[in-house]
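A.B. asks: Any chance you can model this:
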Amino acid sequence: MPDYDYAALPPTTQVLFQGRTSGRPVGFLVVKRGMDIGISLLLVPVLAGLAVLLLILNPVLNRGPVLFVQIRMGQGCKPFVAYKFRSMTPNLGKTRRPFDPVENSRITRLGCLLRRSRIDELPQIINVLKGEMSLIGPRPDYIHHARHYRRHIPGYRARHRVRPGISGLAQVEVGYAHSSDAVAAKVRADIRYINNPGLVQEARIFCRTVQTVFTLKGR
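C.D. replies: Take a look at the predicted model:
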């Protein structure tokens, strides 16, 4: 059952929830999944090469493991293990609360480059190939933060009706969410994405993501 009350939402937001959030065209889904698999397979050699390079550089510039793993909320609000290239020093057991600021002091020199170029997200093509993620879709949140948002942000559950993505409309339009208002804005963007499926929209998001990679404007 949904954990939000449509009547309590603003009229403009109510419209986004009506109709098609779970009825995406089958043909579109087949093509989208095929593109996910094809592009991810093409990126596997790039992922392997970067992993080897980081194994060499990490002892000097980013001491610690190459990969960072984290449990996130996926399709149907089910947890899954997401993979990233590690960009921060270990947090020594400290747990970040949902709206805590980014701990910039923990980001390493090499990690800063990985984050700004979004290269730190590349290992998630493993999640794409496993069927847990898509290249484009709502960004999956850390499971404990996601459970908080699900209780407090109207409509948050609805964004989990599709596979989460490495990049998405909310990422390129809203960016990092540092407050409940920002998370709500991302939810509205995600629902708009889900309600308007199409390859043109996928291509636009993909191109804007590639632009972020080459201009080093990621976070």
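A.B. asks: Could you check how far the spatially most central residue of the chain is from Pro59?
C.D. replies: The centroid of the chain falls nearest to Arg139 when counting by C-alpha atoms, centre = their mean (2.6 Å). Note on Arg139: its distance to Pro59, by C-beta to C-beta, to the nearest Å, is 31 Å. C-beta here means a position set from N, CA and C on the backbone, and glycine is covered the same way.
A.B. asks: how about the residue nearest to the centre of the chain, secondary structure?
C.D. replies: Assigned by DSSP: H, G, I helix; E, B strand; the rest coil, the conformation of Arg139 is coil.
A.B. asks: Strands of this protein, start to end?
C.D. replies: 67-73, 79-85, 134-136, 165-167 (DSSP state E).
A.B. asks: Nearest to Pro98, out of those strands?
C.D. replies: Nearest of the strands of the chain to Pro98, taken as C-beta to C-beta: strand 67-73 at 12.5 Å.
A.B. asks: From the contact counts, what lies against that closest one?
C.D. replies: Judged by 3 or more C-beta pairs under 8 Å, 6 or more residues apart in numbering; DSSP states H and E, strand 67-73 is in contact with strand 79-85, helix 143-152.
A.B. asks: Can I get stretch 147-162 in CSV, CA atoms only?
C.D. replies: The C-alpha coordinates for stretch 147-162 follow below in CSV (Å, rounded to 0.1, in the frame of the first residue of the first chain):
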residue,chain,number,x,y,z
ARG,A,147,13.4,4.4,4.9
HIS,A,148,13.4,7.9,6.5
TYR,A,149,12.4,9.6,3.3
ARG,A,150,9.7,6.9,2.7
ARG,A,151,8.1,7.9,6.0
HIS,A,152,8.4,11.6,5.7
ILE,A,153,8.5,12.6,2.0
PRO,A,154,5.2,12.5,0.1
GLY,A,155,5.3,10.1,-2.9
TYR,A,156,8.8,8.8,-2.2
ARG,A,157,7.7,5.2,-2.4
ALA,A,158,6.3,5.7,-6.0
ARG,A,159,9.7,6.4,-7.4
HIS,A,160,10.7,2.8,-6.7
ARG,A,161,8.2,1.4,-9.2
VAL,A,162,11.0,1.2,-11.7
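A.B. asks: residues of that stretch that come out buried?
C.D. replies: Neighbour-count burial for stretch 147-162 flags 147-150, 153-162 (criterion: 16 or more other C-beta atoms under 10 Å).
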